[in-house]
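[1] mind looking at a prediction? Sequence and model below.
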Amino acid sequence: MLEVRKAKERGREDHGWLLSQHTFSFADYHDPRFMGFRALRVINEDRVEAGRGFGAHGHREMEIISYVLDGALRHEDSTGGGSVIEPGDVQRMSAGTGVRHSERNASPTEGVHFYQIWIMPSERGVKPSYEQKHFPEAEKRGKLRLVAAPGGRDGSVVLHADARLYAGLFDQGESAVLPLDAGRHAWIQIARGRARVNGRELESGDGIALAEEPQIEIEGISDAELLVFDLA
């Protein structure tokens, strides 16, 4: 089974300082056909004006990942975590028993473009925590680099969820195959550019769900950056 979620069909909220596009139902946007996929609950593509951002607010029992495409995002949270997230970085915050955080554009002059992702945890009641790692372009060029996984496998950030997240960069002629174990599912999000996924041509902002497929087949068409979720 393959189901495509086209970028133009996503929810859209334009607050002036924030343009947010929702792959799944979120906040005031509700689509009963797209409430999430397996443990993947939120994929928001956000663009935030210079000097603006999300003030301190709370979360519980959620794994939250930030992935920056352009610009820089300043993170602060109630665990004492704080950093600037830039392209190539993957930040994971486990809300667990409860955490407050803020995310703001770190630049006074340039916009920031990033994905915020929520994954439902398989472990509840964990102590809130924060982690951030940088993954160089060379590790993702023409391949899928594991960037988040249970136990932090292969140098990834630690997820308290039965999910694995890969990132990859694919231009024309570059390709990769990722086997899927029996009973696993996948969601592939095209963060930018164009690529084929299991024969389907997709472009920036598109997503595709895979079920009962033996593997994920990715072929670059033009300057593609992808996020691949391997899910129970």
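    Looks like it came in fine.
[2] quick one: low-confidence parts of the protein?
    Residues of the chain meeting the criterion pLDDT under 70: none.
[3] longest strand anywhere in it?
    When the chain is parsed with DSSP state E, its longest strand is strand 215-231.
[4] mind giving me the packing neighbours of that strand?
    Where contact means 3 or more Cβ pairs under 8 Å, 6 or more residues apart in numbering; DSSP states H and E, strand 215-231 is packed against strand 144-149, strand 163-170, strand 175-179, strand 185-197. C-beta here means a position set from N, CA and C on the backbone, and glycine is covered the same way.
[5] what strands flank the longest one, and is each parallel or antiparallel?
    Using DSSP bridges, strand 185-197 pairs in its sheet with strand 200-203 (antiparallel), strand 207-211 (antiparallel), strand 215-231 (antiparallel).
[6] please apply the same query to the third one.
    Strand 175-179 pairs in its sheet with strand 215-231 (antiparallel), by DSSP bridges.
[7] how far away from the center of its chain is the partner strand?
    Relative to its parent chain, strand 215-231 has a centroid offset of 13 Å by Cα atoms, centre = their mean, to the nearest Å.
[8] in that strand, what's buried?
    By 16 or more other Cβ atoms under 10 Å, the buried positions in strand 215-231 come out as 216-221, 224-231.
[9] out of these, who's nearest residue 20?
    Residue 20 has its nearest neighbour among those in residue 227, at 16.9 Å by Cβ to Cβ.
[10] beta partners of that closest one?
    Residue 227 has these beta-bridge partners by DSSP bridges: residue 167, residue 189.
[11] related to what we said a few turns ago, out of the strands paired with strand 185-197, flag the one nearest residue 31.
    It's strand 207-211; of the strands paired with strand 185-197, that one is closest to residue 31 (Cβ to Cβ) at 13.1 Å.
[12] show me what counts as buried in that closest one.
    Buried, per 16+ other Cβ under 10 Å, within strand 207-211: 207-210.
[13] in CSV: the residues you listed, plus distance to residue 179.
    Listed next are the buried residues of strand 207-211 as CSV, based on distance: Cβ to Cβ, whole Å:
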residue, distance to residue 179
207, 20
208, 17
209, 17
210, 12
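[14] what's the most distant pair in these?
    Within the buried residues of strand 207-211, 207 and 210 form the most distant pair, 10.6 Å apart (Cβ to Cβ).
[15] CSV for the strands paired with strand 185-197, including distance to residue 113?
    Shown next, in CSV, are the strands paired with strand 185-197 (distance: least, Cβ to Cβ, whole Å):
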stretch, distance to residue 113
strand 200-203, 16
strand 207-211, 17
strand 215-231, 11
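[16] including distance to residue 110 and mean neighbour count, could the helices and strands packed on strand 215-231 go into JSON lines?
    Putting the helices and strands packed on strand 215-231 into JSON lines (distance: least, Cβ to Cβ, whole Å; neighbours: other Cβ atoms under 10 Å) gives the following:
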{"stretch": "strand 144-149", "distance to residue 110": "24", "mean neighbour count": "23"}
{"stretch": "strand 163-170", "distance to residue 110": "22", "mean neighbour count": "25"}
{"stretch": "strand 175-179", "distance to residue 110": "32", "mean neighbour count": "14"}
{"stretch": "strand 185-197", "distance to residue 110": "17", "mean neighbour count": "22"}
